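Colleague: Using only what follows, build the 3D model:
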Amino acid sequence: MIWGYIILGYLSLFALGLGDNSRGPLFPELLKNFSVTDAQGAWYYAVSSFLGFIGSYLVPHLLKKMNRIHVLQLSLILMVTGLVGMGFATGFAALLFWAGIFGFSLGVVGVIQNVLVTVGSTPRRRQRMLSGLHAVYGMSSLLAPLIVAGVMSLTESWRTVFWTVAVVPALLLFASFVQKEPKISADEKHEKSVNHTKITRKENFAQIYLGMGLGLYVMAEIMVSSRLALYVRREFSLSLPQSSYYVTGFFVCLLAGRLLFALVHFKWSLRLMLSLSLLLSFMAIVCGLKFHPLFFALSGFTMGPFYPLAVAYIYQHFKMRIDAAIAACMAIQSFLTVLMHTSVGYLTDLYGIDKALWLGPIVLVLALLILNSFESLFRKNL
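Modeller: Model (predicted):
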């Protein structure tokens with residue numbers, strides 16, 4: 001176990017989650033301060049998501065020139081810069097520029113923290129370490145709105161929130177210099193050399209194919225977390241505080257699902273556990289649409305294990321190219337996130353939010369088909 005890698009991975013995801021999830025509560029303030037419409041304001045997320053896609057894509061190229069710790073440090077510098085810059089922005093164009101810098105850093109961190117924990121853990125503990133890693137994201141998702149509310153109540157300034165949140169990655173940046181890049185064995189040197197060699201067309205397509213499965217799942221998760229409040233307010237006429245309970249419930253269940261797999265080692269195959277997660281999440285969202293929105297919150301529990309298990313599954317099949325494989329999957333995930341936001345927005349305008357959210361069950365079925373056809377298509381048997 002390389003505990004330095006694991007600790008840095010955990011803390012970097014905490015910094016990422018805190019910075020990313022603090023933007024949602026501030027979004028109405030940003031629209032009001034810069035006097036932009038909802039459609040114009042959507043570019044705030046679109047720009048950062050697109051630059052996140054670029055950041056994820058560039059990680060393998062950065063790793064050819066720098067080690068993993070240096071790539072993490074670069075991403076933390078950009079994260080601090082983006083957050084501080086958004087706090088100082090005096091115009092909407094400037095806000096978009098700094099949001100792009102911040103989004104690029106999220107793309108890089110999203111890859112490197114998964115790589116650090118995957119490479120830093122032993123095969124026996126990898127599944128639990130990854131589940132623990134993504135449980136950290138659930139914790140930061142719960143803390144972010146509380147920090148925003150606390151800082152706003154003290155300062156009444158959204159700018160101060162960005163500066164306050166920037167302290168976390170800044171402290172982590174300084175702490176990261178304590179961890180040196182570990183000496184690697186002969187096998188790891190061979191693995192590293194393979195990572196940096198040109199992959200075949202079939203290997204590249206296999207990464208993209210599996211990345212599509214992961215990205216489709218992420219579309220469903222972000223769709224629920226970002227649209228659940230809007231759905232219950234419009235369809236059930238709930239108040240803002242009431243709608244926030246459902247979103248909080250979703251994140252609590254998401255955290256519980258990940259903590260369960262972090263604390264308990266299940267001996268089922270990764271593909272079986274991933275398939276069950278997708279199937280149960282499909283059922284939960286359908287029940288949320290057909291019966292009661294409480295099932296949306298409960299879908300967090302069934303979704304919780306999927307992401308860390310998927311990263312372990314990627315490592316299982318692309319151990320010799322883990323840096324490039326995770327980078328490819330994260331880049332596809334970022335691209336599909338942009339597609340999800342635009343698609344749900346368009347479908348909501350055309351048919352209403354109740355119809356638009358059926359996109360969630362559809363993408364989960366597609367993810368299930370990709371997952372269960374991957375090994376037969378690419379002859380990668382467990």
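
Colleague: Low-confidence stretches in the chain?
Modeller: Within the chain, the segments meeting pLDDT under 70 span 27-28, 38-39, 127, 179-200, 239-241, 243-244, 379-382.

Colleague: center of it, which residue is that?
Modeller: Gly110 (6.6 Å; C-alpha atoms, centre = their mean).

Colleague: name the element it belongs to?
Modeller: Assigned by DSSP states H and E, Gly110 falls within helix 92-120.

Colleague: same for whichever helix or strand comes after that helix, what does it pack against?
Modeller: Counting by DSSP H and E, the element after helix 92-120 in chain order, helix or strand, is helix 123-155. Counting by 3 or more C-beta pairs under 8 Å, 6 or more residues apart in numbering; DSSP states H and E, the packing neighbours recorded for helix 123-155 are helix 3-21, helix 23-34, helix 92-120, helix 158-176, helix 240-263, helix 306-317. Yep, even glycine has a C-beta here, placed from its N, CA and C like the rest.

Colleague: List the buried residues for the longest one?
Modeller: By neighbour count, with 16 or more other C-beta atoms under 10 Å as the criterion, the buried positions of helix 92-120 are 92, 95-120.

Colleague: Could you do the fourth one as well?
Modeller: By neighbour count on 16+ other C-beta under 10 Å, the buried set for helix 158-176 is 158-159, 161-166, 168-170, 172-173, 176.

Colleague: Among those, which pair sits farthest apart?
Modeller: Across the buried residues of helix 158-176, the longest distance by C-beta to C-beta is 28.4 Å; it joins Trp158 and Ser176.

Colleague: how does this protein divide into domains?
Modeller: 1-183, 184-382 (automatic domain parsing).

Colleague: Just give me how far the helix holding Gly110 sits from the chain centre.
Modeller: In terms of C-alpha atoms, centre = their mean, to the nearest Å, the centre of helix 92-120 is found 10 Å from the chain centre.

Colleague: follow-up on the earlier one: for the buried residues of helix 158-176, give me TSV that also has distance to Ser269.
Modeller: Formatted as TSV, these follow (distance: C-beta to C-beta, whole Å):
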residue	distance to Ser269
Trp158	47
Arg159	49
Val161	44
Phe162	44
Trp163	47
Thr164	44
Val165	39
Ala166	42
Val168	37
Pro169	37
Ala170	42
Leu172	35
Leu173	39
Ser176	35
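
Colleague: which one of the residues you listed is nearest Asn21?
Modeller: Distances from Asn21 to those, taken by C-beta to C-beta, are shortest for Val165, at 9.6 Å.

Colleague: Hmm, Leu18 and that closest one touching each other?
Modeller: Yes: the criterion here is C-beta atoms under 8 Å, and Val165 meets it with Leu18 at 5.7 Å.

Colleague: quick one, longest helix in this structure?
Modeller: Longest among the helix segments of the chain by residue count, using DSSP state H, is helix 201-236.

Colleague: Cool, thanks, signing off.
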